[in-house]
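> from the sequence below, what's the structure:
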Amino acid sequence: MIQWLHRYALQKNVQRLVFGLVAFSLSPLLHANNANNAEPKNLTVYMEQLLAGGDYRTFKEVKELNRVSAWIREQMRLFGVPCQYQTYKVNDEAYRNVVCTLKGKSADKVIVGAHYDVFEEKPGADDNASGVAGVIETARILAAEKSQLKNTVEFVFYTLNEAPFSGTEDMGSYIHAKAAAKQPEQIQSIYILENIGYYDSSFVQEYPIGLKWIYPSHGNFIAAVGNLQSRAMTGDFCGAMKNLNQLQCERLIAPSFVQAMDFSDHNNYWAFDLPAIVITDTGIYRNKNIHTDQDIIDKLDVEKMGQVVNGLVQAILK
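The predicted model follows:
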């Protein structure tokens, strides 16, 4: 029995190593085909790597969180975007955001972020491997278009978004927002990607009370959620999506909708009066697989995820 356990542990470690090596060895090929537009196959590969560790990306599995953050940093390095860890402690345990910087012509900064942890022991494909994949693909494209960048772009991958840390100062996005608020004049805009992969043309879309008569009943659109300070950003993003003539985009302005989403990462920037929006498929208001075992990659539409990334790239390059 002991020998079998040793063999099983060794096999599992080898599998993890192979997954990592495959990610690193394939990375240069990912962006060889299409530098200017999002590649759906890339998004699938990124999500597969996020889910490949064998453990869940919960606050209890710090080794798995560290595997994921290390993979993200290496993937970004291969695109020519250097990263550093923003490490902090919660209950004597070290957790870390990954902060990556692509320098533009100006020191003024655009922030693009997504959380990489999951709720309990769930796969977390839409919530929020989809958002992380979207940020990584955005970085790939902007790195290839670096000569066009007016502003510096900071790509941030947050830890500890999910319960029991939602809405607390232990969220990775709160830690980053607090640091960013020390130089608010540099922050031009903040885009949070939160669940961007689930679409359904049927009449499945739900809303908080009061909004169902204003917005579509179908679930085949991406939403840009902002407050009064960031309403122009929602217009810029939806305008870019309209110009692409692909996925429908809806602007939702606080406070009515966002009161039901106030534990998402954008809210921590709002707390410091920084201009932020969240780009989302509306999460549980559409995707009933979220926070269940059915939140898997096969349920997502990577083609439409790619369209969201293309819209974000155009908004940033505007």
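
> isn't there a strand covering residue 188?
Yes: counting by DSSP: H, G, I helix; E, B strand; the rest coil, residue 188 is located in a strand.

> tally of neighbours for it?
18 (other Cβ atoms under 10 Å). For every residue, glycine as well, the C-beta is placed using N, CA and C.

> that one contacts residue 108, doesn't it?
Yes: between residue 188 and residue 108 a contact is recorded at 5.1 Å, counting by Cβ atoms under 8 Å.

> pull up the overlap in contacts between those two.
Common contacts of residue 188 and residue 108, defined by Cβ atoms under 8 Å, 6 or more residues apart in numbering, comprise residue 151.

> for stretch 141-156, buried residues please.
Neighbour counts over stretch 141-156 (16 or more other Cβ atoms under 10 Å) mark 141, 142, 143, 149, 151, 152, 153, 154, 155, 156 as buried.

> out of these, which one sits closest to residue 97?
Each of these was scored against residue 97 by Cβ to Cβ, and residue 156 proved nearest at 6.0 Å.

> and the residue lying closest to the closest one once chain neighbours are set aside, how far is that from residue 147?
Among residues not flanking residue 156 along the chain, residue 113 sits closest, at 4.0 Å (Cβ to Cβ, 6 or more residues apart in numbering). As judged by Cβ to Cβ, to the nearest Å, residue 113 and residue 147 stand 24 Å apart.

> now do stretch 221-236, average pLDDT.
The pLDDT scores in stretch 221-236 average 95.

> CA-only coordinates of that stretch in PDB, if you can.
Taking Å, rounded to 0.1, in the frame of the first residue of the first chain, the C-alpha atoms of stretch 221-236 are listed here in PDB:
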ATOM      1  CA  PHE A 221     -24.400  40.000 -24.900                       C
ATOM      2  CA  ILE A 222     -21.500  41.300 -22.900                       C
ATOM      3  CA  ALA A 223     -22.100  43.900 -20.200                       C
ATOM      4  CA  ALA A 224     -20.000  46.900 -19.300                       C
ATOM      5  CA  VAL A 225     -20.900  47.800 -15.700                       C
ATOM      6  CA  GLY A 226     -19.700  51.200 -14.400                       C
ATOM      7  CA  ASN A 227     -20.600  54.000 -12.000                       C
ATOM      8  CA  LEU A 228     -21.100  57.700 -12.700                       C
ATOM      9  CA  GLN A 229     -17.300  58.300 -12.600                       C
ATOM     10  CA  SER A 230     -16.600  55.500 -15.100                       C
ATOM     11  CA  ARG A 231     -19.700  55.800 -17.400                       C
ATOM     12  CA  ALA A 232     -17.600  57.200 -20.300                       C
ATOM     13  CA  MET A 233     -15.500  54.000 -20.100                       C
ATOM     14  CA  THR A 234     -18.600  51.800 -20.600                       C
ATOM     15  CA  GLY A 235     -19.300  53.900 -23.600                       C
ATOM     16  CA  ASP A 236     -15.800  53.500 -25.000                       C
END
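
> list the contacts of that stretch.
Counting by Cβ under 8 Å, 6+ apart, 189-191, 196, 199, 237-238, 241, 247-255, 257-258, 261, 266, 270, 273, 275-282, 304, 307-308, 311, 315, 318 sit against stretch 221-236.

> how far off centre is that stretch?
Taking the mean of its C-alpha atoms, stretch 221-236 sits 17 Å from the chain's own mean (Cα atoms, centre = their mean, to the nearest Å).
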